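Engineer: The following comprises the amino acid sequence and a computationally predicted model.
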Amino acid sequence: MQKFSILCLTLLMVASLVKGQEKIPKTTKDSLKNTIPAKKTIEAAKPVSEPKPYKEIITDKAITSAGMIKVHKIEQKYFFEIADSLLGRDILIVSRISKSGAGVRGLMMGYAGDQINENVIRFEKGPNHKLFIRSISFAERSNDSIGMYRSVMNSNIQPILSSFDIKAYAKDSISGMKGTVIEMTDILNSDNELFYFNTITKRGLSLGALIADRSYLESVKAFPLNVEVRAVKTYTKSPLIGDAVIGASAATLELNSSIMLLPKIPMKPRFSDSRVGYFTADYVDFDANPIGIKREVMITRWRLEPKAADVEKYKRGELVEPKKQIIFYIDPATPKKWVPYLIAGVNDWQVAFEKAGFKNAIIAKEAPKDSTWSIDDARHSAIVYKPSVIANASGPNVHDPRSGEILETHVNWYHNVMSILSKWYFIQAAAVDPRARKKFDDKLMGDLIRFVSSHEVGHTLGLMHNYGSSSTVPVELLRNKQWVEANGHTPSIMDYARFNYVAQPEDHIGKAGIYPRIGDYDKWAIEWGYKWMPQYTKAADEHGPLSKLISKRVAANPRLWFGNEMDANDPRSQNEDLGDNAMLASEYGIRNLKRILPNLIEWTKEENEGYGNAKEMYAEVASQYRRYLGHVAKNIAGVYTDIKTVDEPGLVYKNVPAQIQKQAVSFLNQQLFRTPTWLIEGSLSGKIAADPTRLILNYQKDMLGSVMGVSSLNKLLNATLSKTPTYTIDELFSDMKKGVWSELYDGQQIDLYRRNLQKAYVDNLKKMLTATAAGGYTAQQMQQYNIVDVQANDISTLVKMHFTALKGDIEAVLPKREGLEKYHLQDIVRTINQVLDPEK
């Protein structure tokens, strides 16, 4: 799931509407005033090319696809017949990779389904029989309430991207509608930013010039609200570092461009609030702040409104069906046995939309067995099955940049996502669910598919990840069979809280307490985002009441709290974690890993196969253990963030309490720095090529760098400025020394693992002190990239004092040590001396 790539679109500003459009209500005219610039005459730069009679251009040989635009194919040429009613309308072009090329894919981009560009355009007639395509931006707006409209327009003339000779004028014999015929062959065959890659994405994939003789148009199809262009493009290729195909000179991809007609009257937007997690689109408003500007942020959501006949019922609080349902179709290519589970994952959201006043608001169906139905039709949202080795799924959407209205979506369901689901479930649930200890049956795999389907559909409804949701649940309730089966182990399916790894075998918890589900937060988020509020004519009018509603509801029910996935400092907002105490939850998780490891070969074996499964799952056990350590480490020097409005009580930022940070250090001392010998499982010795010695040391180095790194120490230093007691660097050093150097105080032997750890400990702090004062950065660069100069603050002083104390403790026990232990400690002393007095 993230790469569960999410389509977050950049807003652009409207520049022209033309005469002859439908009349728009005055209130809408006012709100869109900034989209109606004065019409200007454009001088032709080329000799006039006179149009020819329609039948001379669109001959009897034409193969015509009728829709939003009539597409005519005559031999190898493509013509667009654009009705006059389309002139001046906002049209969105979204370009994606349809099929990726060998050697193209990078770490997080270049896969089938990835978006590569987006433009809003308008067709506009020019002088001398020309038709122009203008690029339209909505980034800056003004409703002219303070006289800014004309000034904004004068500073935002929309560029002409393309100019076409009008080949012929048309008049539909049935409707009488007039139109214009232009030839699109050259622009669709070329490499351009209007229909294909934007420059940044193209450069990021190391794609160069188009190789024309290895590129071609595959199809251009028209539908009622869109035109779909499929093209095979071959580019020169410079190999990326880490590419599977090194030295490849070319890359071929299939690209898809969707040309979509945006609604004539945009939906009333809903302004974002950081306390409810929605994907957003934004713009600069020159009207909202009389003495400056304001960046308005709109959430992305579907347009849900009651039918005219049901408006009064809705206002009375009765559930009604929306005027237009959100319908997902299941790709016909999907294996039949998984279809019911994908449908169930979509339909699970119905209960959330009931909180917003709509019943049957969202449904899933199998794609019609109808030759006229197409998955590319913009009227159809779909879960698209992709037979790919990618172990992932994603839920992007296409939305109107003027209002945030979601128009359609294709959930990308990659076949190999099932491999990662099976790993997750085995590692997190095999200790409590016997079904995970053998090859998964279709029912279990179907249940897991259903959960991922619900999660990805949540993204297509506009919802972000809520990494903080699981932190609202007390850990011990995750072991309470009655409670957790009734309420679920996290209040949000949009969290990355996969399965209930806290549950212990003796708790006898069933799948209702292990699987994720639509929870309290999800229902609340849909209610807040989708509640129809006709009493407010403008988004600004409803923003205040909606803000107060959040304050009231979240205060009454902490399970509705939203934790942003981008918060690097708040330990409550983490992926893959559970519960309100990472130390306790991780301890339970490790207990279950210790149950799984001795049974790894038995639970993963397949007749007539080798130990490949066991080796793979051993790596998963180790990775899960590493996650638990990371969940704990984020508490050290952590900062809680609770977004508040000025009328809400309490602080926005609070340091993690000192006792919790102290508990986190104690956990790491016990579970990591005291050698986790359970990872060195004897039954696997000689059967899989594992190197637990290196693995353990790497994990220890990672945690030392995290807990005692510059960033962590600097946050602890700054925390001392707060008025509330907090954990200090001195306390951290003292607690870490007791754990990592315990043999100095209890007389125990220092074994190989501990000697490696102690060397890494000293080396970690040594690098911090021996680095150049500014690391080669200028003062401006250090400010820009938030680089801490430890030589210029108390960190260096405290580290030196810590080294001095540690040196004294070592020297006190040296006479009592012999052999390799003594050499090791003497070497540590020499290293400390070099750091404290480099002149010697």
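Structural biologist: Yep, that arrived.
Engineer: which regions of the stretch 301-450 of the chain sit below the pLDDT cut-off?
Structural biologist: Across the stretch 301-450 of the chain, the ranges flagged by pLDDT under 70 are 387-393, 415.
Engineer: mind listing the helices for it?
Structural biologist: Listed from the start of the chain, the stretch 301-450 of the chain has helices (DSSP state H, counting those that start in this stretch) covering 311-315, 339-347, 350-354, 417-429, 442-460.
Engineer: Contacts for the first one, please.
Structural biologist: This means helix 311-315. Contacts to helix 311-315, defined as Cβ atoms under 8 Å, 6 or more residues apart in numbering, come from residues Pro306, Val320, Gly357, Trp532, Pro534. In this view, the C-beta of every residue, glycine as well, is placed from N, C-alpha and C.
Engineer: ok, now how distant is Ser623 from Tyr699?
Structural biologist: In this structure, Ser623 and Tyr699 are 10 Å apart, going by Cβ to Cβ, to the nearest Å.
Engineer: quick one, which of those two is more surrounded?
Structural biologist: For the pair Ser623 and Tyr699, the greater number of neighbours falls to Tyr699 (19 against 12), based on other Cβ atoms under 10 Å.
Engineer: so who does that one touch?
Structural biologist: Residues near Tyr699 by Cβ under 8 Å, 6+ apart: Tyr625, Arg626, Leu629, Leu672.
Engineer: how far away is the second one from Ala503?
Structural biologist: Distance of Arg626 to Ala503, computed by Cβ to Cβ: 21 Å.
Engineer: Give me the below-cutoff pLDDT ranges for the stretch 1-150 of the chain.
Structural biologist: Within the stretch 1-150 of the chain, the set of residues satisfying pLDDT under 70 comprises 1-48, 102-103, 105-108, 112-113, 139-150.
Engineer: just checking, Lys531 touches Glu354?
Structural biologist: No. In terms of Cβ atoms under 8 Å, Lys531 does not count as a neighbour of Glu354; the distance is 11.5 Å.
Engineer: Looking at the helices of the stretch 301-450 of the chain, spot the one closest to Gln574.
Structural biologist: Checking those against Gln574 by Cβ to Cβ gives helix 417-429 as the closest, at 15.2 Å.
Engineer: List the contacts of that closest one.
Structural biologist: In this structure, residues lying in contact with helix 417-429 by Cβ under 8 Å, 6+ apart are 390-393, 433, 436-437, 440, 444-445, 448-449, 452, 498-501, 514, 589, 592-593, 596, 603, 616-617, 620-621, 624.
Engineer: residue contacts, Met533?
Structural biologist: The neighbourhood of Met533, defined by Cβ under 8 Å, 6+ apart, consists of Glu542, Pro545.
Engineer: The same query, at a cut-off of 10 Å, please.
Structural biologist: Taking Cβ atoms under 10 Å, 6 or more residues apart in numbering as the contact definition, Met533 lies against Lys268, Arg270, Ala539, Asp541, Glu542, Pro545, Leu546.
Engineer: which SSE is it in?
Structural biologist: For Met533, there is no helix or strand it lies in under DSSP states H and E.
Engineer: now Leu697
Structural biologist: With elements taken from DSSP H and E, the one containing Leu697 is helix 692-707.
Engineer: Identify all contacting residues around the next helix-or-strand element following that helix.
Structural biologist: Taking DSSP H and E as the definition, the helix or strand that follows helix 692-707 towards the C-terminus is helix 710-719. Contact with helix 710-719 is made by 568-569, 633-634, 636-639, 655-656, 658, 661, 705-708, 725-733, 765, 767-768, 771, 786-790, 793-795, 798-799, as judged by Cβ under 10 Å, 6+ apart.
Engineer: Please pick the buried ones from those residues.
Structural biologist: Applying a neighbour-count criterion of 16 or more other Cβ atoms under 10 Å, the buried members of these are 569, 633-634, 636-639, 655-656, 661, 705-708, 726-729, 732-733, 765, 768, 788-790, 795, 798-799.
Engineer: Next step: those restricted to strands.
Structural biologist: Within the buried ones among the contacts of helix 710-719, residues falling in strands by DSSP state E are Val639, Asn655.
Engineer: give the contact list for the nearest residue to Thr693 once chain neighbours are set aside.
Structural biologist: Leaving out its chain neighbours, the residue that sits closest to Thr693 by Cβ to Cβ, 6 or more residues apart in numbering is Tyr753, at 7.2 Å. With contacts defined as Cβ under 10 Å, 6+ apart, the neighbours of Tyr753 are Phe673, Arg674, Thr675, Pro676, Thr677, Ile680, Pro692, Thr693, Ile696, Leu697, Gln700.
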